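>>> Provide a 3D model corresponding to the input given below.
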Amino acid sequence: MHRVGLVLAAFALIAPAAVGSRASPTPSPTTAIFYYPWFGTPGHDGEYYHWEQNGHQPAGDLASAFYPARGAYSSSDASVLEGQMQEIEAAGIGEVVVSWWGRGSLVDRRLPAVVASAQAHSLEIAAHLEPYAGRSIAGTAIDIAYLQTLGIRDFFVYQATDFPAAEWQPLTSSLEGVRLFAQTPYAGYAKQGGFDGVYTYDTLTYRPEMFARMCTAAHKLGLLCSPSVGPGYSALRATGDSRVLDRRGGKTYDSMWTAAVRAGTDIATITSYNEWNEGTQIEPACPREGYESYDGAWGGRGKYAERAYLNRTRLWTSRFSGQHFRRTAIDERG
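Numbering: from 1, shown residues only. Predicted structure coming up:
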């Protein structure tokens with residue numbers, strides 16, 4: 001009861017500004033991608049951030065199974081940010097879900113620049129609310145109010161199940177003009193917590209064969225279903241995690257997209273644009289000795305292969321958005 005009281009008190013501070021409907025006021029993107037603005041270099045930031053994890057020594061030695069075509073870059077470099085948003089837009093993706101670690105964090109300080117660059121490319125910005133130290137439901141209410149001032153209306157709550165579903169209700173029942181997605185395949189939990197939908201993020205654990213069951217359950221409860229598709233997983237160099245989801249020359253990515261489309265997905269979420277440390281990225285990568293590459297993906301080689309996953313994403317987003325449009329038109333006709 002004490003935590004619920006804190007949530008109500010926190011929302012009392014922001015409730016006067018909440019107006020309109022809980023539903024989004026305008027049509028929302030059908031594809032979103034998880035994005036990380038946390039990389040740094042000495043030239044732009046005074047030191048390396050994230051490239052140096054697990055004792056690696058950039059720029060030649062990175063905490064990644066793959067080597068970026070841009071090299072070890074800084075997310076604070078305006079030219080890098082511009083290029084990344086241009087690529088995301090060209091891939092047919094409508095929303096960038098930015099990893100966010102609380103007020104005052106590095107990614108929070110960089111968020112306004114990301115928002116501005118995304119908007120220049122007609123991209124929506126969503127927040128991936130990470131489990132930062134001290135995160136609480138009461139604090140999440142305040143976080144959402146702050147992030148709304150930047151124009152953010154979609155919120156993906158990572159590890160939402162850290163809290164009992166019922167404890168989310170005071171917050172979720174009070175919000176206006178935003179959508180909250182819980183990271184869980186269990187629609188019952190999301191419904192009890194008052195969330196608008198579910199997503200999975202983790203493509204290592206949540207495989208294509210479960211998407212149909214997940215979306216069927218979500219739709220029966222009136223929830224949006226947003227399973228996450230991804231190219232693979234390889235985090236050994238960065239974290240020591242020996243688990244691997246092999247890319248299989250692009251077949252893993254295709255199998256996830258196929259399952260998501262067939263499941264009746266509402267919003268396809270992609271893990272990820274640039275989580276290089278876990279090897280889930282689709283950002284261009286170049287061949288380099290000691291690193292994996294995209295060579296061979298869908299038969300591509302050399303410079304063409306560097307952008308293989310972005311090019312394939314364009315194919316899938318076009319196919320998915322077309323199917324989504326047809327399904328929506330049928331639903332509206334009854």
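
>>> this protein: helices as residue ranges?
Assigned by DSSP state H, the helices in the chain fall at 2-12, 42-45, 78-90, 106-120, 137-148, 169-172, 187-193, 211-220, 236-239, 251-262, 302-306, 308-333.

>>> lowest-scoring secondary structure element of this structure by mean pLDDT?
Across the helices and strands of the chain, the lowest-confidence element by mean pLDDT, DSSP states H and E is helix 2-12, at a mean of 46.

>>> the closest residue in space to residue 224 that isn't next to it in sequence: neighbour count?
Spatial nearest neighbour of residue 224, excluding adjacent residues (Cβ to Cβ, 6 or more residues apart in numbering): residue 197 at 3.1 Å. (Glycine included, C-beta is placed from N, CA and C.) For residue 197, the count of nearby residues is 20 (other Cβ atoms under 10 Å).

>>> any stretches of the stretch 201-334 of the chain with poor pLDDT?
Counting by pLDDT under 70, the stretch 201-334 of the chain shows low-confidence ranges at 322-334.

>>> how about the helices of the chain in TSV, adding distance to residue 30?
Formatted as TSV, the helices of the chain follow (distance: least, Cβ to Cβ, whole Å):
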stretch	distance to residue 30
helix 2-12	30
helix 42-45	34
helix 78-90	14
helix 106-120	17
helix 137-148	22
helix 169-172	23
helix 187-193	19
helix 211-220	14
helix 236-239	31
helix 251-262	11
helix 302-306	26
helix 308-333	5
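
>>> right, and those helices - which one's nearest residue 64?
When the helices of the chain are compared by Cβ to Cβ, helix 236-239 sits nearest residue 64, at 6.1 Å.

>>> distance between that closest one and the chain's centre?
Put simply, helix 236-239 sits 21 Å off its chain's centre (Cα atoms, centre = their mean, to the nearest Å).

>>> same question for stretch 285-305.
With Cα atoms, centre = their mean, you get 24 Å for stretch 285-305.

>>> one more: stretch 61-76?
Worked out by Cα atoms, centre = their mean, stretch 61-76 lies 19 Å from the chain centre.

>>> so for stretch 249-259, what gets flagged as buried?
Across stretch 249-259, burial judged by 16 or more other Cβ atoms under 10 Å covers 249-250, 252-254, 256-257, 259.

>>> who wins for proximity to residue 71 among the helices of the chain?
The closest of these to residue 71 is helix 78-90. By Cβ to Cβ, the value is 9.9 Å.

>>> what's the angle from that closest one to helix 106-120?
Orientation of helix 78-90 against helix 106-120 (axes from the mean of the first three to the mean of the last three Cα atoms, to 10 degrees) gives an angle of 60 degrees.

>>> packing partners for helix 78-90?
strand 31-35, helix 106-120, helix 308-333 (3 or more Cβ pairs under 8 Å, 6 or more residues apart in numbering; DSSP states H and E).

>>> could you export it as PDB, CA atoms only?
Coordinates of each C-alpha in helix 78-90 appear next as PDB, following Å, rounded to 0.1, in the frame of the first residue of the first chain:
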ATOM      1  CA  ALA A  78      26.000  15.200 -35.000                       C
ATOM      2  CA  SER A  79      27.100  13.700 -38.300                       C
ATOM      3  CA  VAL A  80      26.800  10.200 -37.000                       C
ATOM      4  CA  LEU A  81      23.400  10.900 -35.600                       C
ATOM      5  CA  GLU A  82      22.200  12.400 -38.900                       C
ATOM      6  CA  GLY A  83      23.500   9.400 -40.800                       C
ATOM      7  CA  GLN A  84      21.800   6.900 -38.500                       C
ATOM      8  CA  MET A  85      18.400   8.600 -38.600                       C
ATOM      9  CA  GLN A  86      18.700   8.800 -42.400                       C
ATOM     10  CA  GLU A  87      19.300   5.000 -42.500                       C
ATOM     11  CA  ILE A  88      16.400   4.300 -40.200                       C
ATOM     12  CA  GLU A  89      14.100   6.400 -42.300                       C
ATOM     13  CA  ALA A  90      15.300   4.800 -45.500                       C
END
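
>>> average pLDDT across that helix?
The average of the pLDDT scores along helix 78-90 is 98.

>>> in it, what counts as buried?
80-81, 83-85, 87-89.

>>> got the contact list for residue 35?
Residues near residue 35 by Cβ atoms under 8 Å, 6 or more residues apart in numbering: 84, 88, 96-99, 114, 272-274.

>>> please name the nearest non-neighbouring residue to residue 276.
Nearest non-adjacent residue to residue 276, counting by Cβ to Cβ, 6+ apart: residue 64, 4.1 Å away.

>>> let me see the contact set for that neighbour.
By Cβ under 8 Å, 6+ apart, residue 64 lies in contact with 51, 237-238, 276-277, 279, 291.

>>> give me the subset of those residues lying in strands.
Among the contacts of residue 64, DSSP state E puts none in strands.

>>> kindly reformat these as a markdown table containing neighbour count.
A markdown table is the format used below for those (neighbours: other Cβ atoms under 10 Å):
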| residue | neighbour count |
| --- | --- |
| 51 | 25 |
| 237 | 22 |
| 238 | 22 |
| 276 | 28 |
| 277 | 24 |
| 279 | 25 |
| 291 | 15 |
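
>>> on that earlier part again, gap between the residue nearest to residue 224 and residue 321?
Distance, residue 197 to residue 321, using Cβ to Cβ, to the nearest Å: 18 Å.
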